[in-house]
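Peer 1: Sequence first, predicted coordinates after that:
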Amino acid sequence: MTDKDQQQAAAVEAEAAGKGGLSQAELDELVASSDTGGRSPKGAIGTLLLVVALAWSLFQLYIASPFGLFNDTLARSIHLGFAIFLGVLAFPAARSTFQLALGVIVPLALAVLFMISAKEGTPVWWIPLPALFVVATVVLGSPKDRIPVWEWALAIIGALAALYLFFFYRDIANRVGAPITQDYVVAVIGILILLEATRRALGPALMIVASIFLLYTVLGPWMPDIIAHKGNSLAEIVNHQWITTEGVFGIALGVSTSFVFLFVLFGSLLDKAGAGNYFIQVAFSLMGHMSGGPAKAAVVSSAMTGLISGSSIANVVTTGTFTIPLMKRVGFSSEKAGAVEVASSVNGQIMPPVMGAAAFLMVEYVGIPYFDVVKHAFIPAIISYIALVYIVHLEAQKAGMKGLPRATEPKPLLLWLMSLAFTIAVICALSFAVYYGMGWIRPAFPETAGYIIFALLVAVYVGLLWVASREAPLKMEDPNAPVTRLPLPGPTIRAGLHFLLPVVVLVWALMVDRLSPGLSAFWAAAFMVFILLTQRPLMAMLRGEGQGGTFMAGVTDLIEGLVAGARNMIGIGIATATAGIIVGAVSQTGVGSALADVVEVLSGGNLMAILVLTAILSLILGMGLPTTANYIVVSALLAPVIVTLGQQNGLIVPLIAVHLFVFYFGIMADVTPPVGLASFAAAAVSGGDPIKTGVVAFFYSLRTAALPFLFIFNTDLLLINVDWVHGIFIFVIATVAMLLFAAATQGWFLTASKFYESIALLLVAFTLFRPGFWMDMIYPPFDTIAPAQIEQAVADVPPGTDIRLQVAGVNAVGDPVTFVALLPLGEGTTGAEKLNAAGIEYVVNGDEVVIDNVAFGSPAAEAGFDWDQKIQSVMVPADPPSKYWMFIPALILLALVVMLQRGRTGRRETAAA
């Protein structure tokens, strides 16, 4: 290359890098200020913070291990103590004038509120003192480079308040419901400092929402009639929110303690071992040569990085610093390059098998195993990523982009297909061998099976390290340097295969052995500890290099990974505790049923309107709340409402579908302007406009926004009551439908689409997603029978079949309500026997049928039937034609669009020739 060529290349690269983008140090500070804390003092104080973070990780590993017998409530107390201590010290008080004003106003307002709510005879003179102390720490300020003495006092007192349950567990257990003065003091101090830590670590939104719920708890009698309640005293608030496990120390903090920490720690250790760079390099070696290849590789690498990063912002910055400049090099604008990275990074939280923290909360809230959560989330997540790759492809086609040059000529298609088939066959054979081998080892060697399995795992690990040692070490290339050749896929993949072993251990424990999520993550993290300690020495030995210092370098990596895992958990620990205040207020005041009335009035009882309201609420709250807190708040408030109103509209909505709906829109909030934090992080890397980046990312993410509405009405997408053959069919059809939806929203299919072609593609996509919508209009899926004919109606229906009964009764507060419930018929030869076996007894008075008795624990009781309800109609399954017949007109319409677009493409090519 001549000097002139080099100068031109340098100019192109400088332009591609994006003027205005932040330096790596500034990007690291951006991630720290958002996720791990913007304050990292030097010297002894910095070392002390590292030691505390390290102790937190070691404590979490201990209580998650099979040897860590520890009371769950006590563990939650210690978990929150660490989170508050590190949250106050790692995040300085100063963020903005508005936030500092909140740091002054909220503690003083809550102090007044607590004084108002105190019963007569309860001493309240001391309540302003902790509020004034918190205000003083805010006013005095806190520099980034050191920790003043008042900050130490705030952190220590907050941690001791959290540890109160640990120190006085037995005494508290003997006086639940009757707090003493000591309980009052600790609870008020703890709530005030927890909210201040929330403001520092997570911004003002969650602090404001939690404070509003505390306000509502006290001022219930002065609220509008529709949401009014009796109001709660300070004693009740202290008991509910801090002394028991109904509020701050509730389910959300329990999940953070038991499950989430271990998964975040696992990701940190995996990243520290080098897996993040490996995933990026593999994605580029496989896809970088395609049209718009860097963007496609960004999607795939972000999906894989989602395994090791629970933060959208960290994911954007980690992969974006490499992928965004390369995307710009092949023709993407700064905003589009940033938007691709945002859309792919944010979706990392919905990607099985390791999903975001909210997925582990679903295990507790929905009451199903984590395996089932992963199963239900699998198809939507996969097709969402496939659709994003397709969107990138369409953008590349629009602009005529090329990929990066390959190191070698591509294999002929037939040879490539044969190689792929052989690889798949080998993987399947190994999978079967491992599965059946494990099934033989455990019964054959019941006492030593664990040791044998670990020895075999170590042997595989050493073998994969030997394979990796034959290849050149993977290095993170400079994305702004000229790329003359992409790395070869084979050597790149072989150079880090051992990074997949811990993921295999995790997936095996979760999916095959069906261990708890916490224990599964423990074994995976324990194996990662082993890898970090041995990877460097073994690799040096296998390559014939000197081993000086390699073991200590591994120890350093391990310590840094443990510390990073703890610091990554600060925000999640604080968020789950503060969200517990909201959940506690909901359960204490009964606002859930009142909110159901409000939402029903706003939506007119229409389920689609309620879903839209829920989506909007999630997006609004998500502007300031992290995904986990957003999910906790919205699911606590609206998930039961959606299920109830679905029943009233004749649609049985599974609870897991509602929770995934809320989860998806909580994730979308990281994208949505004007506050989408991931979009701002991407713009900081690309040098583009953050609002424009967010807008483009929102349009790229429309597929993610559409999926929740679709799986609410078509639960087949969640693999609910679906066999594996039918599941494969659904996956293929849903993928095609989502690709057509993406083409319609992007305005490009085979070529630029006319508006009517985009409408046709949307219609085809909707039909493929929900063919039953049209078929139900032609052939109703149920025959409606008069209530008095219920016995005759179910006489010919096979036992185990679900019939639908529309019943009228009263809800928990005595208001009249009408809903539809499923009743699985029991065994019997006559209709009366089947109904009786299902647990329901009734009385027929002319045309009126009244439920006379419901057997305790019966299917009828579980379905929501109760005494004195009136059956208004009986719906038994009809025998309509298969809903999949609707695919025929949809495919005909698709063929018409293809013909129109191919015709235009052909004429354009002819004219060009």
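Peer 2: Thanks, I have the structure now.
Peer 1: So, low pLDDT: which residues of the stretch 551-700 of the chain?
Peer 2: Where the stretch 551-700 of the chain drops to pLDDT under 70, the residues are 596, 605, 622-624, 673-676.
Peer 1: Same question for the stretch 801-913 of the chain.
Peer 2: In the stretch 801-913 of the chain, residues with pLDDT under 70: 811-813, 908-909, 912-913.
Peer 1: all strands of it, in order?
Peer 2: 802-810, 816-824, 840-845, 848-854, 870-877 (DSSP state E, counting those that start in this stretch).
Peer 1: Compare these and report which one is nearest to residue 46.
Peer 2: strand 816-824 (58.9 Å; C-beta to C-beta). Heads up, the C-betas are built off the backbone N, CA and C, glycines and all.
Peer 1: buried stuff in the closest one?
Peer 2: 817, 819, 820, 821, 823, 824 (16 or more other C-beta atoms under 10 Å).
Peer 1: Give the other helices and strands that it contacts.
Peer 2: Where contact means 3 or more C-beta pairs under 8 Å, 6 or more residues apart in numbering; DSSP states H and E, strand 816-824 is packed against helix 627-648, strand 802-810, helix 859-862.
Peer 1: Output those as TSV; include the columns mean neighbour count and distance to residue 569.
Peer 2: Formatted as TSV, the helices and strands packed on strand 816-824 follow (neighbours: other C-beta atoms under 10 Å; distance: least, C-beta to C-beta, whole Å):
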stretch	mean neighbour count	distance to residue 569
helix 627-648	24	11
strand 802-810	18	43
helix 859-862	18	37
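Peer 1: Quick one: closest of the ones you listed to residue 724.
Peer 2: strand 802-810 (21.8 Å).
Peer 1: OK, contacts around residue 196?
Peer 2: 88, 103, 107, 134, 137, 138, 154, 158, 207 (C-beta atoms under 8 Å, 6 or more residues apart in numbering).
Peer 1: any chance of the helices and strands packed on strand 816-824 in TSV, plus distance to residue 727?
Peer 2: Formatted as TSV, these follow (distance: least, C-beta to C-beta, whole Å):
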stretch	distance to residue 727
helix 627-648	24
strand 802-810	20
helix 859-862	26
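Peer 1: out of the ones you listed, which comes closest to residue 849?
Peer 2: Closest among the helices and strands packed on strand 816-824, using C-beta to C-beta: strand 802-810, at 9.4 Å.
Peer 1: neighbouring strands for the closest one, and are they parallel or not?
Peer 2: In the sheet, strand 802-810 lines up against strand 816-824 (antiparallel), strand 870-877 (antiparallel) (DSSP bridges).
Peer 1: what's the pLDDT at the residue nearest to residue 486 when sequence neighbours are not counted?
Peer 2: Spatial nearest neighbour of residue 486, chain neighbours left out: residue 288 (4.5 Å); criterion: C-beta to C-beta, 6 or more residues apart in numbering. For residue 288, the pLDDT comes out at 80.
Peer 1: what's the answer for residue 768, then?
Peer 2: 93.
Peer 1: how near is residue 303 to residue 799?
Peer 2: Residue 303 is 44 Å from residue 799, where distance means C-beta to C-beta, to the nearest Å.
Peer 1: Look at those two and report which has more neighbours.
Peer 2: Using other C-beta atoms under 10 Å, the more surrounded residue of residue 303 and residue 799 is residue 303, with 25 against 15.
Peer 1: and the host helix or strand of that one, what does it pack onto?
Peer 2: Taking DSSP states H and E as the criterion, residue 303 maps to helix 293-305. Helices and strands touching helix 293-305, by 3+ C-beta pairs under 8 Å, 6+ apart, are helix 275-287, helix 312-329, helix 334-346, helix 370-399.
Peer 1: ok, residues contacting it?
Peer 2: 276, 279-280, 282-284, 286-288, 290, 315, 318-320, 323-324, 326-327, 329-330, 332, 337, 340-341, 343-345, 347-348, 351, 385, 388-389, 392-393, 395-396, 403-404.
Peer 1: Tell me the spatial nearest neighbour of residue 82, not counting adjacent residues.
Peer 2: residue 56 (4.2 Å).
Peer 1: quick one: contacts for the one you found?
Peer 2: 82, 86, 566, 569.
Peer 1: what packs against the helix or strand harbouring the third one?
Peer 2: So that's residue 566. Using DSSP H and E, residue 566 maps to helix 550-589. Applying 3+ C-beta pairs under 8 Å, 6+ apart, we find helix 550-589 packed against helix 43-64, helix 72-90, helix 181-202, helix 204-218, helix 251-255, helix 261-273, helix 517-542, helix 627-648.
Peer 1: Can you give me the buried ones in that helix?
Peer 2: Neighbour-count burial for helix 550-589 [16+ other C-beta under 10 Å]: 550, 554, 557-586, 588-589.
Peer 1: before we move on, what about stretch 92-99?
Peer 2: For stretch 92-99, using 16+ other C-beta under 10 Å, the buried residues are 92, 93, 94, 95, 99.
Peer 1: Between the two ends of it, how far is it?
Peer 2: End-to-end span of stretch 92-99 (C-alpha to C-alpha, to the nearest Å): 12 Å.
Peer 1: show me where pLDDT drops low in the stretch 351-500 of the chain?
Peer 2: 354, 356, 407-413, 415-417, 420, 476-485.
Peer 1: Verify the contact between residue 589 and residue 218 for me.
Peer 2: No: Residue 589 is beyond contact range of residue 218, at 9.8 Å (criterion: C-beta atoms under 8 Å).
Peer 1: anything in contact with each of the two?
Peer 2: residue 232.
Peer 1: helix/strand/coil for residue 721?
Peer 2: Following DSSP: H, G, I helix; E, B strand; the rest coil, we place residue 721 in the coil state.
Peer 1: Would you mind measuring from residue 664 to residue 468?
Peer 2: Distance from residue 664 to residue 468, by C-beta to C-beta: 37 Å.
Peer 1: go on, residue 646?
Peer 2: The value you get for residue 646 to residue 468, if C-beta to C-beta is used, is 52 Å.
Peer 1: what do you get for residue 53?
Peer 2: From residue 53 to residue 468 the distance is 30 Å (C-beta to C-beta).
Peer 1: just residue 554 next, same as before
Peer 2: Taken as C-beta to C-beta, the span from residue 554 to residue 468 is 15 Å.
Peer 1: What of residue 136?
Peer 2: From residue 136 to residue 468 the distance is 56 Å (C-beta to C-beta).
Peer 1: And these two? Which one has more around it.
Peer 2: residue 468 (25 against 14).
Peer 1: Let me see the contact set for that one.
Peer 2: Residue 468 touches 494, 495, 496, 497, 498, 539, counting by C-beta under 8 Å, 6+ apart.
Peer 1: Name the nearest of the residues you listed relative to residue 454.
Peer 2: Among the contacts of residue 468, and counting by C-beta to C-beta, the member closest to residue 454 is residue 498, at 15.3 Å.
Peer 1: hang on, the closest one packs against residue 469?
Peer 2: No: the criterion here is C-beta under 8 Å, and residue 498 misses it with residue 469 at 10.3 Å.
Peer 1: And the two? Which one has more around it.
Peer 2: residue 498 (24 against 18).
Peer 1: Neighbours of the closest residue in space to residue 403 that isn't next to it in sequence, how many?
Peer 2: Counting by C-beta to C-beta, 6+ apart, residue 293 is the residue found nearest to residue 403 once chain neighbours are left out, at 3.5 Å. Around residue 293 there are 26 other residues, counting by other C-beta under 10 Å.
Peer 1: again with the one 4 residues further on
Peer 2: With neighbours defined by other C-beta under 10 Å, the count for residue 297 comes to 31.
Peer 1: Check it and give its pLDDT.
Peer 2: Residue 297 is given a pLDDT of 82.
Peer 1: ok, it to residue 735 distance?
Peer 2: Residue 297 is 20 Å from residue 735, by C-beta to C-beta.
Peer 1: And residue 139, by the same measure?
Peer 2: 57 Å.
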